[in-house]
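Enquirer: Structural data only, the sequence is not supplied:
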């Protein structure tokens, strides 16, 4: 991994959802629904060698009305990083994110 490299950081949903700003980093067109175990956030790496986790700038954030804005810096401790996926283009990112969307008929445990 290199500085400024474009990646998708897959973050543990339980930890990520604790932050009030977390939904701002999820593209509203993906409609993740309830129950995904991880979320993918498209970012550019700021400090790929940080010993405690991943420091990155999210590519975009969204407001409650679905309007896109510049992203902001995030830090994810290594223990909450599920994967880091290298990104090449928008189509690839959408295909990968589809894997985190609940499938038809999916019911989270306990629902």
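Expert: Okay, I see it. Everything numeric here is computed off the predicted structure, so don't read it as measured data.
Enquirer: Quick check: residue 24 vs residue 67, distance?
Expert: 11 Å (C-beta to C-beta, to the nearest Å). Yep, even glycine has a C-beta here, placed from its N, CA and C like the rest.
Enquirer: In terms of neighbours, single out the busier of these two.
Expert: Between residue 24 and residue 67, counted using other C-beta atoms under 10 Å, the more crowded position is residue 24 (17 against 9).
Enquirer: Just the element for the nearest residue to that one once chain neighbours are set aside, please.
Expert: Spatial nearest neighbour of residue 24, chain neighbours left out: residue 61 (4.3 Å); criterion: C-beta to C-beta, 6 or more residues apart in numbering. If you go by DSSP states H and E, residue 61 is part of strand 60-62.
Enquirer: going on from that strand, what's the next piece of helix or strand?
Expert: As the chain continues past strand 60-62, the following element, by DSSP H and E, is strand 68-70.
Enquirer: neighbouring strands for that next one, and are they parallel or not?
Expert: Next to strand 68-70 in the sheet, as set by DSSP bridges, lie strand 60-62 (antiparallel).
Enquirer: buried residues in the strand it pairs with?
Expert: Residues 61, 62 are the ones in strand 60-62 that count as buried (16 or more other C-beta atoms under 10 Å).
Enquirer: Now tell me what touches it from outside.
Expert: 21, 24, 25, 26, 27, 28, 42, 68, 69, 70, 71, 72 (C-beta atoms under 8 Å, 6 or more residues apart in numbering).
Enquirer: likewise stretch 37-47?
Expert: Here stretch 37-47 makes contact (C-beta under 8 Å, 6+ apart) with 1-14, 16, 22, 25-26, 32, 54-60, 71, 73-74, 82, 85, 87, 93, 96-97, 100.
Enquirer: Separate out the buried members of those.
Expert: Buried, going by 16+ other C-beta under 10 Å: 7-13, 16, 22, 25-26, 32, 54-56, 58-59, 71, 74, 82, 87, 93, 96-97, 100, out of the contacts of stretch 37-47.
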